[in-house]
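Enquirer: Any chance you can model this:
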Amino acid sequence: MKTGKKTALFFTAAILGILAALAVTCSFSVTRVQGASMAPSIEKGDRVLISRLFYYFRQPKAGDVVAFPCNVYSEDGEGSILIKRVIATEGDQVEIRDGVLYVNGNRDDAYAASPVYLEAMDPITIGRDKIFVLSDSRSYALDSRDQAVGLLDTSEIIGKVCFK
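Expert: Residues are numbered from 1 along each chain as shown. Next up is the predicted model:
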């Protein structure tokens, strides 16, 4: 093979490698979990892989674990990434009464780490392009129950937590 062809092949491979690395970097991110609000599903100190493109063509659904930016001071720190579980999506009704979470009138403790008494919350219906998120360790309240987080707009979501 001539030197010119080898050089062209080398540069083509290098450019393709750089483009592949950029595609992976833009599609995924890895972050270390700072708090214990998702224990035992995701423990403090775990590293999680976040798919930034997962919700590009679809909407979050109940049970998904999502990442979004924290705009308030918390144990995770202001400006950090919060990781919470989607409990309800557009059209669902959420209520907390007698210390128990209800989604669409049905008791919902599927992902709760352990039974904990929840502070009452009047029924709310989740609006268009909004989601309601909770911590798996329900005693942590920096989630949709807190006005600082509230209902999340789906455009605020960084991505879906795929692996830990």
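
Enquirer: Could you use CA atoms for every contact and neighbour count after this?
Expert: Noted.

Enquirer: And the strands in the protein, which stretches?
Expert: If you assign secondary structure with DSSP state E, the strands in the chain sit at 28-32, 47-51, 65-69, 81-88, 93-97, 100-103, 106-107, 121-125, 130-134, 152-153, 159-163.

Enquirer: Measure how the last one sits relative to strand 65-69, angle-wise.
Expert: Between strand 159-163 and strand 65-69, the angle formed by their directions is 130 degrees, by axes from the mean of the first three to the mean of the last three C-alpha atoms, to 10 degrees.

Enquirer: same thing with the second one?
Expert: Interaxial angle of strand 47-51 relative to strand 65-69 (the same axes, to 10 degrees): 90 degrees.

Enquirer: next one: the fourth one
Expert: Angular relation of strand 81-88 and strand 65-69 on a 0 to 180 degree scale: 130 degrees, by the same axes, to 10 degrees.

Enquirer: For strand 81-88, give the mean pLDDT please.
Expert: Per-region confidence: strand 81-88 scores 93 on mean pLDDT.

Enquirer: other SSEs contacting that strand?
Expert: Judged by 3 or more C-alpha pairs under 8 Å, 6 or more residues apart in numbering; DSSP states H and E, strand 81-88 is in contact with strand 65-69, strand 130-134.

Enquirer: Out of the ones you listed, indicate the one that is most buried.
Expert: Mean neighbours per residue, mean count of other C-alpha atoms under 10 Å, is largest over those for strand 130-134, with a mean of 25.

Enquirer: Strand partners (parallel or antiparallel) of it?
Expert: Sheet pairing for strand 130-134, assigned by DSSP bridges, gives strand 81-88 (antiparallel), strand 152-153 (antiparallel).

Enquirer: Give me the contact list for that strand.
Expert: 60, 84-90, 126, 141, 143-145, 150-154 (C-alpha atoms under 8 Å, 6 or more residues apart in numbering).

Enquirer: Name the nearest residue to the residue nearest to the spatial centre of the chain, ignoring sequence neighbours.
Expert: Compute the mean C-alpha point of the chain, and by C-alpha atoms, centre = their mean the closest residue is residue 66, 1.2 Å away. Here the nearest residue to residue 66 in space, its sequence neighbours aside, is residue 160; by C-alpha to C-alpha, 6 or more residues apart in numbering that works out to 4.5 Å.
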